[in-house]
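*Asks:* here are the coordinates; sequence isn't available:
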């Protein structure tokens, strides 16, 4: 239904969502104390939907607040599907899946502490492995599992906190066939690493 037709329908009506919200602020913020302090304030809504609220706040509570940026960024209100289409047009379509693999409590414990050198495989889904990670590259913090990376995909294995499984997350930057190839090898690579990580 077109917007004009929807607005003209007998079931449609206008509702002010701004003023009730503004008036309710006094229940969570001491607006009288702010006014009594004689503060001169400046706010920047950062392009968001809060911009229309500040003048009513000024008027309702007799405050001195200057809105320094009244521009609303319309991309805040884009349909998520539109965002996704733009991202895939720019970066290509990623293919992603998560599967579970059985693991004993001992295996889960080893996976949390696994050293990167435990991964002995040199390829994944026909591509050279470029990184074997058990710690975050930025701060060297443990990631609580394993991540194996190639130029066009990766998988990560992390133990479940509640079940006797570990979770395999995989992504391909090519297609579903490549994703399935990653998944088909991921459990074997992870299990071999777990065996070599014993002791």
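*Replies:* Noted; the coordinates are in hand. All figures in this text were calculated on a predicted structure; none of them were measured in a lab.
*Asks:* Let me see the domain layout of the chain.
*Replies:* 13-76, 91-196 (automatic domain parsing).
*Asks:* And these: which comes nearest residue 7?
*Replies:* Proximity to residue 7 (CB to CB) singles out domain 13-76 among the domains of the chain, at 8.9 Å. All C-beta atoms are positioned from the backbone trio N, CA, C, and that covers glycine.
*Asks:* which residue ranges form the strands in the chain?
*Replies:* Using DSSP state E, the strands assigned to the chain run over residues 40-43, 64-67, 95-102, 123-124, 127-128, 131-135, 142-150, 153-159, 165-172.
*Asks:* most neighbours per residue, which of the domains of the chain?
*Replies:* Sort the domains of the chain by mean neighbour count, taking mean count of other CB atoms under 10 Å, and domain 91-196 sits at the top with a mean of 16.
*Asks:* and that one, how far from the chain's centre?
*Replies:* Relative to its chain's centre, domain 91-196 lies at 20 Å (CA atoms, centre = their mean, to the nearest Å).
*Asks:* What of stretch 32-44?
*Replies:* Distance, stretch centre to chain centre, for stretch 32-44: 35 Å (CA atoms, centre = their mean).
*Asks:* What are the contacting residues of the helix ranked longest in the chain?
*Replies:* Taking DSSP state H as the criterion, the chain has its longest helix at helix 176-196. Contacts of helix 176-196 with the rest of the structure, by CB atoms under 8 Å, 6 or more residues apart in numbering, involve 95-97, 99, 101, 103, 107, 110-111, 114, 118-121, 124-126, 146, 148, 152-155, 157, 166, 168, 170-172.
*Asks:* for stretch 153-162, same thing?
*Replies:* The contact list for stretch 153-162 (CB under 8 Å, 6+ apart) reads 100-101, 103, 107-109, 111-112, 124-125, 127, 143-148, 165-174, 178-179, 182-183, 186, 189-190.
*Asks:* Okay, now the unreliable bits of the chain?
*Replies:* 1, 73-81, 83-84, 87, 91, 197-199 (pLDDT under 70).
*Asks:* which ones are touching the residue of it positioned farthest from its centre?
*Replies:* Outermost residue of the chain with respect to the C-alpha centroid, by CA atoms, centre = their mean, is residue 36; its distance is 41.6 Å. Residue 36 sits next to no residue when contact means CB under 8 Å, 6+ apart.
*Asks:* Could you shift the numbering so residue one becomes 41, and keep it that way?
*Replies:* Got it, the first residue is 41 from now on, which makes the last one we talked about residue 76.
*Asks:* Give me the distance between it and residue 175.
*Replies:* Taking CB to CB, to the nearest Å as the criterion, residue 76 is separated from residue 175 by 53 Å.
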